[in-house]
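> one predicted model, sequence on top.
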Amino acid sequence: MKKILLGSLLILSALTVNAQNKKKKDREAIKKMCGCYEVTFNFAETFNNSKDSLYKPSKTKTDKALEWAELITDENNQISIQHLLQVGNPSNPHIVKHWRQDWLYENTDFYMYNGDNNWLFQTKPKSEVKKQWTQKVYQVDDSPRYEGTATWVHVDGKSYWENTTDAPLPRREYTKRSDYNVTERGNRHEITNYGWLHDQDNRKIIRKSGKEDVIVAHEKGYNTYVKVADSKCKAAQDWWKTHTNKWLLVRNKWAEVYGRNAHLSLEQKVDNKPLYKHLFSEKTSNEEQIDNAIESFVKKVN
């Protein structure tokens, strides 16, 4: 009996150690996305499913930028990375607050995009998210964008995470197109020998209440992040140090909104301006102004 008990304890101990080692590898992979990168964004529409003979596919888009990814939260079950674009004259660059990605371990609460600036709050059972990481992606104003949960895979010298989830139209599309309202994003984040890769297989979807989704077209995204010396992104690092307190207030307010655990609907514009223009303004700087600006975009549900 003692031998059986001892054997069980040894097996349990080995499983615990393996789980801890796996989580450590996960965290290391996520944090490898931090630093200074030369980024190339590539998007091309691949297959046309539209029945409209006048349909025009989106033009192939290729763009380059220098991007700083700042580690702003590093906890056992949460890692948060803020992205900043550094553009213009290298001697006097312009800094643009870009997207943010939060990674949560065994997260059960989700805001799932459902088209037309609506997110449905969902709770998953713990059994469905065991040993998984949720990636939550936010807009430049820290409003929600998309999120999904999956397991980091470390095999054959590769580390990657992949998930399919619904999202709003990307900026390159919603300023030009209104013939679809949901982007189904197939995301793969892979750590590479040059930095990391964001590989996407997307579908453009028309979603209407009470009707089946209509797939308009397919799209391929292939974004490479090539690691360069952190010193190249010094301007972005300095900008973040100057503005970090303001954006902490913004994240705190959004955390309170998300913490309501209810479906979320946002206005497109208030006073004829999108939210990011309100928050990017120097006139919106203290906690009360920030809270009021964000709250003015949250639609009240009766």
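Perfect, I can see it now.
> strands along the stretch 1-150 of the chain, start to end?
35-48, 61-75, 78-87, 94-105, 109-113, 118-123, 133-138, 144-150 (DSSP state E, counting those that start in this stretch).
> export these to TSV and append columns for mean pLDDT, distance to Lys246 and mean neighbour count.
For the C-beta atoms, the positions are set from N, CA and C on the backbone; glycine is no exception. Formatted as TSV, the strands of the stretch 1-150 of the chain follow (pLDDT from 0 to 100; distance: least, C-beta to C-beta, whole Å; neighbours: other C-beta atoms under 10 Å):
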stretch	mean pLDDT	distance to Lys246	mean neighbour count
strand 35-48	97	23	17
strand 61-75	97	13	16
strand 78-87	98	12	20
strand 94-105	97	10	19
strand 109-113	98	23	19
strand 118-123	98	24	15
strand 133-138	98	15	21
strand 144-150	98	19	21
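> format these as TSV; extra columns: distance to Lys24.
Shown next, in TSV, are those (distance: least, C-beta to C-beta, whole Å):
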stretch	distance to Lys24
strand 35-48	19
strand 61-75	13
strand 78-87	12
strand 94-105	12
strand 109-113	25
strand 118-123	28
strand 133-138	13
strand 144-150	18
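> of those, which is nearest Lys299?
Closest to Lys299 of those, according to C-beta to C-beta: strand 118-123, at 8.9 Å.
> what is the closest one packed up against?
Strand 118-123 sits against strand 109-113, strand 264-265, with contacts defined as 3 or more C-beta pairs under 8 Å, 6 or more residues apart in numbering; DSSP states H and E.
> hmm, 10 Å instead?
On a contact count with 3 or more C-beta pairs under 10 Å, 6 or more residues apart in numbering; DSSP states H and E, strand 118-123 meets strand 109-113, strand 144-150, strand 264-265.
> list the contacts of it.
Applying C-beta atoms under 10 Å, 6 or more residues apart in numbering, the external contacts of strand 118-123 come out as 108-114, 143-147, 166, 168, 181, 207, 258, 260-266, 299.
> go with 7 Å
Applying C-beta atoms under 7 Å, 6 or more residues apart in numbering, the contact partners of strand 118-123 are 108-114, 144, 261-265.
> dump those residues into a markdown table; add distance to Lys124 as well.
Formatted as a markdown table, the contacts of strand 118-123 follow (distance: C-beta to C-beta, whole Å):
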| residue | distance to Lys124 |
| --- | --- |
| Thr108 | 5 |
| Asp109 | 8 |
| Phe110 | 7 |
| Tyr111 | 12 |
| Met112 | 10 |
| Tyr113 | 16 |
| Asn114 | 16 |
| Pro144 | 17 |
| Asn261 | 13 |
| Ala262 | 16 |
| His263 | 16 |
| Leu264 | 17 |
| Ser265 | 22 |
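> which two among those residues are spaced furthest apart?
The farthest-apart pair in the contacts of strand 118-123, when distances are taken by C-beta to C-beta, is Thr108 and Ser265, at 22.2 Å.
> all helices for the stretch 201-302 of the chain, in order.
234-258, 275-280, 287-295 (DSSP state H, counting those that start in this stretch).
> closest one to Arg177 among these?
Between Arg177 and those, the tightest spacing by C-beta to C-beta is seen for helix 275-280, at 19.5 Å.
> any weak-confidence spans in this structure?
1-17, 301-302 (pLDDT under 70).
> buried deepest among the helices of the stretch 201-302 of the chain, which one?
Of all the helices of the stretch 201-302 of the chain, helix 275-280 carries the top mean neighbour count, a mean of 18, counting by mean count of other C-beta atoms under 10 Å.
> test my guess that Asp116 contacts Asn181.
Yes. The pair Asp116 / Asn181 is scored as a contact, 5.6 Å apart, by C-beta atoms under 7 Å.
> want to try TSV for the helices and strands packed on strand 118-123, with distance to Arg27 as columns?
Converted to TSV, the helices and strands packed on strand 118-123 look like this (distance: least, C-beta to C-beta, whole Å):
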stretch	distance to Arg27
strand 109-113	21
strand 144-150	15
strand 264-265	29
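> more crowded one of Asp116 and Asn181?
Legend: neighbour count by other C-beta atoms under 10 Å for Asp116 and Asn181, higher for Asn181 (21 against 14).
> circling back: figure out which of the strands of the stretch 1-150 of the chain is closest to Ile215.
Per C-beta to C-beta, nearest to Ile215 of those: strand 35-48, 9.0 Å.
> can you give me how far that closest one is from the chain middle?
Counting by C-alpha atoms, centre = their mean, to the nearest Å, strand 35-48 is centred 15 Å from the centre of its parent chain.
> then stretch 74-81?
Put simply, stretch 74-81 sits 14 Å off its chain's centre (C-alpha atoms, centre = their mean).
> got it, and stretch 126-138?
The mean C-alpha position of stretch 126-138 is separated from the chain mean by 13 Å, C-alpha atoms, centre = their mean.
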